Every structure is written in C-alpha cells, then in structure tokens.
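Visitor: I'd like to go over a predicted model; first the sequence, then the structure.
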Amino acid sequence: MCLPFLLVFILFSDQVYPLAPHKPQADTFLDSLAHKLKLETWERDEVPCLENILNIFENVKNHTLWATWILNANALPTGNLYGSYVHYASYDQCMKPPWLHTHPELNTKYCMTEVQLSDISNMKKTPDYDPFGSIMEFIDSPTASGMPVNYFMWGVCIPAVCSSPAVSKLSRVVYEAATFSSIASDVTVKHCQEAGESPPYSTGFYIFIAMTFTLAAIAVASTYYQMHVLSEDQSSNSLVTIITKSFCMVKNREDLLKDNKDEIRVMNGIKFLTAVTVISVHVLFYMALSGISNAQDYDKAIEGKGGLFLHIDIIVDTFFAISGLLHIKGLLGRRQNLLSVLLKRYIRLIGPFAVLIFYLISVSKHTGSGPGWYLGIQEETNVCEQTWLRSLLMINTDIKDICHAVTWYVPCDYQFAILGTLLFYFHQKNKRLGYTAYAAAVVFSMIIPGVLTYWFRLPVVHFMDIGKMIREIRDTWEVTYTYTSPFSRASAYLVGVAMGYLMSIYKPADYRKSVSMTWSILGTAISLGAMLATLSIGYITKFREYYPLEAAFLAGTNRIVWAAAICCIIGMCEYGTVPIISSILGWSVFTPLSRLSYGIYMIHPIIVQRHKFAQRAPHKFDPYGVVLDTTSTLVVSIGLSYAMWLFVEAPLINITNQLFFNRSKEPQPSKSRGEKGVQHQNGVAKTKVS
C-alpha cells in the first residue's frame, strides 16, 4: 500500500534527489511513464507534444527549474471517491511562470479535462459499499445528490504545443499509470488557455464603462442642480427640469424610503426574505457547480433533515403570487389604458435587465480568471451574445438559451402580466366571461405541468439530481418544460390574481381586525404547515418508487398550494391579528429593501459567480460557510441594487412617466399619492415629475 504513495511523492515533490552513489540506477516512475506514452499511437501533429513531454521528464531528472516548475504545477486527482469531482492543480503556477515573456519556447497552457471512469449507463440503482468488493462497484453506485463518483474534472498543465487530442491521451495515460489501473475510459478536453492569453477588450466594454460613469455624473449634477436652483426658476416642461428631477438622488432616495400607509406592509418582509432565500440557494448551487470537496457530507445532509428543503426552488413562486396580487390590485384601483399598463411594466423590468445583459456580454469575462472561469463565465457570455434580443423581447425562457441563471424569471413575469391584463379586460367587458376565462386559466395551469410530467416521466422536483445539472446544465430540456416555461408556472400567479381581486373588493383598511386572533393564528399555522409539506415533496418522492400519476398530481398542484399559503398569511396579517409574524414581516426596514428586491434578485448571481468561479480549489460544503457567503453576497447585492435604483431604475421610471404617461391632466390626484407626486406600490415607487 505504501508503494503508490511513494511513487506519487517522487513524481510531484518539489525536488528530485538522485539515488545514493553506491546503489545501481533503476528505472524511475518517469521512465515508466515515458515508456507508456511511447506505446500510444500519436498522430503527426501530436508528435511535438510527445517530444516536449519526454523532454520535460528528462529535465526533471536533472533538476532543471523550468521542467520541474511545469511538473510541479500538476497534481493527481484526490478525494474523488468522497465526491470531490473538481481537481484544479496549480492554475497560477502554470499560467504565470517568471519567464513567461522572456522564453516563449517554454510556454505552457492550462487545460480542463473531463475524465469519465465508467459509462453512465452502468450506474446502479442502489449503492454498493462493500469494502472488500471491486472499486468499480463503488464508482458505479449512485449518490443521494447525484454528484458523480465515476466522473471528475481535472486541470493539467502541459506545453503550449499540445493539441486537445494529445492532452486527452496524456491525461489518460498519466492517470492510469499513477493509479495503477486502467479505469480512465474516456478523457475529453473541455477548454485550454495558454499562459499570457486574455480575452481582448471589445468596444462594448468601453461603452459600458463610459455609460456607467455618465449615468453617475448625470445623477450627481442633477442632484446639485435640484439642491441649488429654486423650483420657481425651473420650467416644469423643460427637458432640463425633467432630467434633473428624474436623476436627483435625494428625491429618488426619498421615494425609496417613503412609507405609504396603504401598502400591504407584510408583503415587504415576505419579498425581501424570499430574495435572501434565493441567494442562499444559488450560493449552494454555484458551490456545487464549481466543485465541492466533500460531496458525501452534502449527501448525508439531504438524507437527513436537510432533505426537507430539496424543493426550496418553489420559493420563486412567492414572487409570482405577489406579482399577480399587485398587478390585478393596481388594475382595479383606478381606470387606465391597458396598453400603457403593459408598457409601464415592461419599462419597470427592462432597465436593470438590459444593464445586466450588457454587463454579461461586454464586461463580466474581464472581471476575473481561474481554472473554472471559462466554463462558468465565458460560456454564459457566449450564450448571451446569441440570445440577448430574445431576452429583451421577453420571450426567452429556454434553459439552453437563457444567458443568466435567473433571467428566465423576467420573461415569465412579463408574460404573466399580459395574461393578468387579458383576464382583467375580459372581466371589464363581461364579468361572467372574466370568471370563465380565469377558471379556464387555472385549470390549464394545473393540467399542463401535470400532463407533461406524466407523459415524459419527469420528476416533480428537478434539482434533486445536482450531478445531472452539473454535467448537462444546458441540456436539461425537462427543466424548460416544467420549471422555466410560463405555461407550467402560471398557477402561482393566478392565485395571486385571485387574492388581489379579493383585496380590491374587501379593502384591508375597511376590514382591519375583522378576523379574530384565534382564526388568524390558526390560518397562519395551517399555511405554514402547507408550505412545509410542499417543501418536503422533494424528500418524499426522492426516496420512494416513482409513480407517474402521483408525480403528475403533485406537479399540477404544488405551486397552487404554496401560493395559496403565502396569500393566506398575507390575508391573516391584513384582516386579522397574527402576533410576532405580522410585526416581523411588517418591519419598516423591509420597506426599502423590498423595493430593492428586484435588483437584488437580478444582481446577486453575478456576485456569486465571480466568487465561486475564480476559486483555485474546490469548496467545502458547510452550513456555516453557506450562511457566511449568503450574508456577504446579500450585503454587496443590496449596495449594487441601491446604485441601480439611483442611476437606472428610478430615473427611467421618472422620465417615461413624464414623457409618455404624464398625469398632469388628471383632474384629481389619487388618495394614495404622497408629497411631491410620489405614489408607492410594493416594490415600485412611481413619481410624477412636474
């Protein structure tokens, strides 16, 4: 058992010492490895790579610095049996040798390879952990999370002349020789980066930087102008007045912080806490995507109490339910042009969305580097460059084409706004027609995901198999069918529509405390129980046999149950008395944070990706680490979302309100309008510029 470790130590130690003079010279491990490489079939264009590798081996035996530097930058995969599927070696040592610019003939490149130890089709359905059995029995055993044991990513440092096929052969031979086995059945080169190589700065990069500084400068100048020029000296319809009032940071900050007595205050806490939960989920997801060194600890967690949160992705339906509630409540609140309503909604969503897409295409690839940077960032940039127009047109919800982890939500939300507006239109024309259309929409919102789940034998919860998401994140077509597509997620939005309709008829201000404390507490407790039961669907279905009818039923109803529970909690807090919960969710601090929740939701994946994909080593799964990462990401996201509000969101809303939706002709301002023409809704501050 000591022999393998001795040979690996000799191969990867910093110094290679010669044998004692009185002992006969024996073949070294490098000699054996060189012999195995020569036995491989090398194409003509691969021969220079082989010659360079053999030259490195000879120079390592002579203790030459440049050769030892390259060999020392490599490391054998370790810990993959415990779930460590990413092995980066020393990226920086490979990419930044001291002689990078003085000896180009010694240039190296860093390649990420995908090593498949066995065929996926050989995977067992039940684990086999017999300590005296074959290693292949263990490798082919499934894990609770789906994190692969028979597959890993391996970073290697090799001469720059080596082509991808040559790197594949070299990696396979080295792994088989070092592990004294022949189980590396397939090695695929995913990406290579040559030392000193960096992506060129495009025109878009400079435009984005210039745009950022320009918006900040306009905001500062507008604030100064509004603070030092008397209002009576300003023409209300002049372009200067419109721009300076729209960009005034003091005014926009007041809009963000202003508390409106007609708000559904508990909704502010729900929205912000939902955003925090989404951040924690994405922290864990990107941690797994960029590599966990102790995946079996994660498996143990989800086999225990952690399994109750396998369906945590349903938390996003909270946003949809609230969106439906606010949209229909706003439509019923006052008479307005329905096309204008949809245009306002588009403008509300498109500002941060467009900035985000512009950033992803032009800037993100320049913000870091690392062994996983290309696969994590560059590929996403490439997708954005191809599909940005569909995203901005709000029609891109296919997992293969979305250019950012959360951007599927925006087209969904906007398409739901169109649906809600159509239902309202039918209701205005004929109430019976409106009710019929709504009932049909609800029925279809349950039938469609149920039928798709039954027909294609899809899981109720998609993200239980993290391993599959890691290997095939862009090819998980089933996620598109029942997770990111509007036709499979409309049920939560429609529940919110019903709640908004009821709250417009039975205004909370007129029916406050109409539900007794006993019934309020009971209703809230039942709702929390329903939410917990919905969350546990993943755990329940994962460890039992798959039943298509059961899966179809759960897929069709679970989102409605979740949204109904959320709306029930809102209703109990507004119409009844729910101690503690109502006070926490209605905390005034949540008011501005709720209005920033859209920006937080859109921005936080950029922060998480920058941190995770720039790592030089696998992450350790640890609840404390997840909480710490979530907290730091939340703080940075709030700061950037606040900047987005001051420089993009609020100015865009203000300018378009004045230019296209000028309310100055309205005979009487709304009662909900506060000082300086500011009208607040949950998540939106609408400003009348005069």
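Guide: Received the coordinates, thanks.
Visitor: Just the helices from the stretch 451-600 of the chain, written as ranges.
Guide: Ranges of helices within the stretch 451-600 of the chain are 466-472, 477-479, 486-505, 517-535, 537-542, 548-575, 581-585, 590-595, 597-612, based on DSSP state H, counting those that start in this stretch.
Visitor: Please parse this protein into its domains.
Guide: For the chain, automatic domain parsing gives the domain ranges 9-194, 263-641.
Visitor: Would you mind telling me which of these is nearest Ser235?
Guide: Nearest to Ser235 among these is domain 263-641; the distance by CB to CB comes to 24.8 Å. Just so you know, the C-beta spots here come from the backbone N, C-alpha and C atoms, and that holds for glycine as well.
Visitor: which of the domains of the chain sits most buried?
Guide: Compared across the domains of the chain, domain 263-641 shows the largest average neighbour count, a mean of 19 (mean count of other CB atoms under 10 Å).
Visitor: how far does that one sit from the chain's center?
Guide: Distance of domain 263-641 from the chain centroid (CA atoms, centre = their mean, to the nearest Å) equals 12 Å.
Visitor: got it, and stretch 129-149?
Guide: Chain-centre distance of stretch 129-149: 29 Å, with CA atoms, centre = their mean.
Visitor: With just CA atoms, put it into CSV.
Guide: Provided in CSV are the C-alpha atoms of stretch 129-149 (Å, rounded to 0.1, in the frame of the first residue of the first chain):
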residue,chain,number,x,y,z
TYR,A,129,-20.3,0.0,-0.4
ASP,A,130,-18.7,-3.4,0.2
PRO,A,131,-15.2,-2.6,1.4
PHE,A,132,-13.9,-5.9,0.0
GLY,A,133,-15.7,-5.5,-3.3
SER,A,134,-14.4,-4.0,-6.5
ILE,A,135,-13.7,-0.3,-6.8
MET,A,136,-15.9,-0.3,-9.9
GLU,A,137,-18.9,-1.4,-7.8
PHE,A,138,-18.4,1.7,-5.7
ILE,A,139,-17.7,4.0,-8.6
ASP,A,140,-20.9,2.9,-10.3
SER,A,141,-23.0,3.4,-7.2
PRO,A,142,-25.5,6.3,-7.1
THR,A,143,-25.3,9.1,-4.6
ALA,A,144,-28.2,10.9,-2.9
SER,A,145,-27.4,14.2,-4.6
GLY,A,146,-26.5,12.7,-7.9
MET,A,147,-23.0,14.2,-7.5
PRO,A,148,-20.8,11.9,-9.7
VAL,A,149,-18.2,9.4,-8.4
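Visitor: circling back to that earlier point, may I see the helices of the stretch 451-600 of the chain organised as CSV, with mean pLDDT and distance to Tyr359 added?
Guide: CSV is the format used below for those (pLDDT from 0 to 100; distance: least, CB to CB, whole Å):
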stretch, mean pLDDT, distance to Tyr359
helix 466-472, 77, 24
helix 477-479, 86, 25
helix 486-505, 96, 25
helix 517-535, 96, 33
helix 537-542, 89, 33
helix 548-575, 96, 31
helix 581-585, 94, 33
helix 590-595, 95, 22
helix 597-612, 95, 7
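Visitor: hang on, the earlier thing: can you add distance to Tyr225 and give the domains of the chain back as CSV?
Guide: Converted to CSV, the domains of the chain look like this (distance: least, CB to CB, whole Å):
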stretch, distance to Tyr225
domain 9-194, 48
domain 263-641, 22
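Visitor: Among those domains, which comes closest to Tyr206?
Guide: Minimum separation from Tyr206 across the domains of the chain (CB to CB) falls at domain 263-641, 8.6 Å.
Visitor: So what would you say the end-to-end distance of the closest one is?
Guide: The straight-line separation of the ends of domain 263-641 (CA to CA, to the nearest Å) is 22 Å.
Visitor: And for stretch 69-84?
Guide: End-to-end for stretch 69-84, by CA to CA: 25 Å.
Visitor: chain center to that stretch: distance?
Guide: For stretch 69-84 - counting by CA atoms, centre = their mean - the centre lies 28 Å from the chain centre.
Visitor: which residues sit against it?
Guide: 8, 11-12, 14, 56, 60, 87, 89-90, 93-94, 97, 108, 115, 138-139, 143, 147, 149, 152, 154, 156-159, 175, 178-179, 291-299, 618 (CB atoms under 8 Å, 6 or more residues apart in numbering).
Visitor: Now with 7 Å, please.
Guide: For stretch 69-84, the surrounding residues in contact (CB atoms under 7 Å, 6 or more residues apart in numbering) are 8, 12, 14, 56, 60, 87, 89-90, 93-94, 97, 108, 138, 143, 147, 149, 152, 154, 156-157, 178, 292-296, 618.
Visitor: mind listing which of those residues are in helices?
Guide: Counting by DSSP state H, the part of these found in helices is 8, 12, 56, 60, 93-94, 138, 178, 295-296.
Visitor: what residues are up against the closest residue to Ala288 other than its chain neighbours?
Guide: Nearest residue to Ala288 in three dimensions, chain neighbours excluded: Ile466, at 5.2 Å (CB to CB, 6 or more residues apart in numbering). By CB under 7 Å, 6+ apart, Ile466 lies in contact with 145-147, 288.
Visitor: Can you tell me which of those residues is closest to Ser246?
Guide: Ser246 has its nearest neighbour among the contacts of Ile466 in Ala288, at 42.6 Å by CB to CB.
Visitor: what about the strands in this structure?
Guide: Remark: strands assigned in the chain by DSSP state E are 86-87, 108-116, 151-159, 186-194, 678-681, 684-687.
Visitor: looking at those strands, which is closest to Lys329?
Guide: strand 678-681 (8.4 Å).
Visitor: What's the separation between Ser198 and Gln378?
Guide: Using CB to CB, to the nearest Å, Ser198 is found at 12 Å from Gln378.
Visitor: what does Asn74 give?
Guide: 23 Å.
Visitor: Over to Val60?
Guide: Distance from Val60 to Gln378, by CB to CB: 33 Å.
Visitor: ok, back up a step: would you reformat the strands of the chain as a markdown table and include mean pLDDT and distance to Lys251?
Guide: A markdown table is the format used below for those (pLDDT from 0 to 100; distance: least, CB to CB, whole Å):
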| stretch | mean pLDDT | distance to Lys251 |
| --- | --- | --- |
| strand 86-87 | 92 | 49 |
| strand 108-116 | 94 | 50 |
| strand 151-159 | 93 | 51 |
| strand 186-194 | 91 | 48 |
| strand 678-681 | 42 | 8 |
| strand 684-687 | 43 | 8 |
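Visitor: Out of the ones you listed, which gets nearest to Val627?
Guide: The closest approach between Val627 and any of the strands of the chain, judged by CB to CB, belongs to strand 86-87 at 22.6 Å.
Visitor: List the strands paired with that closest one, with their directions.
Guide: Counting by DSSP bridges, the strands paired with strand 86-87 are strand 151-159 (parallel).
Visitor: Show me what the strand it pairs with is in contact with.
Guide: Contacts with strand 151-159, where a contact means CB under 7 Å, 6+ apart, come from 49, 52-53, 70, 73-74, 77, 80, 85-89, 91, 94, 108-117, 167, 170-171, 371, 471.
Visitor: ok so, going back, just so I know, which of the domains of the chain lies nearest Thr223?
Guide: Nearest of the domains of the chain (CB to CB): domain 263-641, 18.3 Å.
Visitor: Asn657 - how many residues pack around it?
Guide: Other residues near Asn657 come to 21 when the count uses other CB atoms under 10 Å.
Visitor: Check what pLDDT it gets.
Guide: Looking at Asn657, its pLDDT is 88.
Visitor: didn't Lys570 look like it was pressed against Arg265?
Guide: Wrong residue type there; residue 570 is Ile, not Lys. No: judged on CB atoms under 7 Å, Ile570 makes no contact with Arg265 at a distance of 10.1 Å.
Visitor: In this protein, where is pLDDT below threshold?
Guide: Within the chain, the ranges that satisfy pLDDT under 70 run 1-27, 120-126, 128, 180-185, 230, 232-234, 662-690.
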